[in-house]
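J.: Quick check, what structure comes out for this input:
(one chain, ligands or ions: 1)
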Amino acid sequence: MTKYIFANWKENRNLPETQTELTKLGELLSGRDLSQRQLVLLPPVVFLISVSEQIARSSLPFGLGVQDISTYEEGSFTGEVSARMVKDFASFSLVGHSERRRLFVETAEVVNGKVALCLKFGLTPVICVRSREDLEAIDWNLDAGKLFVAFEDPQLIGGEEVEDLIKIIEFSKLVQSLTPAEVRFIYGGGVSPRTARPLLSSPEIDGLLVGHHSLKAESLAEIILP
Ligand code: PGA
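T.: Modelled structure (predicted):
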């Protein structure tokens with residue numbers, strides 16, 4: 001079964017640093033068996049085109065997504081970047097990451113609006129939830145071919161420990177019971193080369209959302225390689 005690894009680079013690095021790390025990652029993964037893995041890079045949106053060109057130039061088998069999209073479809077919304085603008089370069093978008101919910105006060109209504117915009121413009125949403133409450137607040141009456149739910153406890157984000165595996169599996173089952181059949185379940189928060197293995201071995205977990213340990217090519221490669 002293919003496991004999806006989303007590398008959430010957040011607001012880190014400038015363009016040369018991003019390019020250098022991507023080159024290193026390509027070298028580390030070159031010739032390795034990635035048939036059971038799909039890596040999706042989530043760079044800062046300002047580097048999206050550059051990363052997309054580098055991936056194409058070097059024939060790297062990586063997917064590309066964004067960390068967020070605007071609540072608005074188009075118009076006078078200074079500083080915003082819409083789903084329609086990124087869809088030619090990206091296939092995925094995170095929606096409702098806990099940092100956005102907490103720091104940018106994204107409500108369930110905003111999250112549902114962004115999911116709808118993703119679907120309208122052909123981006124696969126990766127809907128981030130912290131709890132059963134977040135999950136139940138999603139409008140599951142969706143006409144979605146494919147979508148992902150990422151379960152993350154904000155307390156574990158940025159740390160070195162992951163959620164208890166039993167609790168993650170229980171949450172995965174809850175997701176499958178509440179959501180459309182095509183949903184894929186991923187886990188995030190504290191994922192590292194050390195903590196990734198048991199998570200990726202679990203049939204209930206379709207992949208990982210990796211933050212700080214995705215910034216260094218060596219640790220990201222270690223997480224990805226079976
Ligand atoms: P972390 O972040 O891997 O640094 O814990 C995960 C996330 O916030 O998506």
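J.: make it CA atoms for all contacts and neighbour counts henceforth
T.: Noted.
J.: and the chain, which residues reach the ligand?
T.: By Cα under 6 Å from any ligand atom, the residues of the chain that approach the ligand are 8, 157-159, 188-191, 209-213.
J.: Just those: which are in strands?
T.: Counting by DSSP state E, those place Asn8, Gly188, Leu209, Val210 in strands.
J.: Selection in PyMOL covering whichever of the residues of the chain next to the ligand are buried, please.
T.: This is how PyMOL selects the buried members of these, with burial counted by 16 or more other Cα atoms under 10 Å:
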select buried, resi 8+157+188+189+190+191+209+210+211+212+213
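J.: With distance to Leu29 and pLDDT as extra columns, can I get the residues of the chain next to the ligand in TSV?
T.: Formatted as TSV, these follow (distance: Cα to Cα, whole Å; pLDDT from 0 to 100):
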residue	distance to Leu29	pLDDT
Asn8	18	98
Ile157	26	97
Gly158	25	97
Gly159	26	97
Gly188	22	98
Gly189	24	98
Gly190	23	98
Val191	19	98
Leu209	19	98
Val210	17	98
Gly211	19	98
His212	19	98
His213	16	98
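J.: which residue of this structure sits farthest from its center?
T.: Using Cα atoms, centre = their mean, the residue of the chain lying farthest from its centre is Ser76. It sits 27.9 Å away.
J.: got the contact list for Leu220?
T.: Residues counted as contacts of Leu220 (Cα atoms under 8 Å, 6 or more residues apart in numbering) are Ala7, Leu25, Pro193, His213, Ser214.
J.: One more: Ser70?
T.: Here Ser70 is in contact with Glu80, Val81, Ser82, Ala83, Lys114 (Cα under 8 Å, 6+ apart).
J.: which of those residues lies closest to Asp33?
T.: Ala83 (32.6 Å; Cα to Cα).
J.: surely the closest one meets Pro125?
T.: No: applying Cα atoms under 8 Å, one finds Ala83 not in contact with Pro125, separated by 10.6 Å.
J.: Find the residues that touch each one of those two.
T.: In contact with both Ala83 and Pro125: Cys118, using Cα under 8 Å, 6+ apart.
J.: Strands of this structure, residue ranges please.
T.: 3-8, 37-42, 63-66, 92-95, 124-129, 147-152, 183-188, 207-210.
J.: Export the ones you listed to JSON lines and append columns for distance to Glu222.
T.: Listed next are those as JSON lines, based on distance: least, Cα to Cα, whole Å:
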{"stretch": "strand 3-8", "distance to Glu222": "12"}
{"stretch": "strand 37-42", "distance to Glu222": "12"}
{"stretch": "strand 63-66", "distance to Glu222": "18"}
{"stretch": "strand 92-95", "distance to Glu222": "23"}
{"stretch": "strand 124-129", "distance to Glu222": "23"}
{"stretch": "strand 147-152", "distance to Glu222": "21"}
{"stretch": "strand 183-188", "distance to Glu222": "16"}
{"stretch": "strand 207-210", "distance to Glu222": "12"}
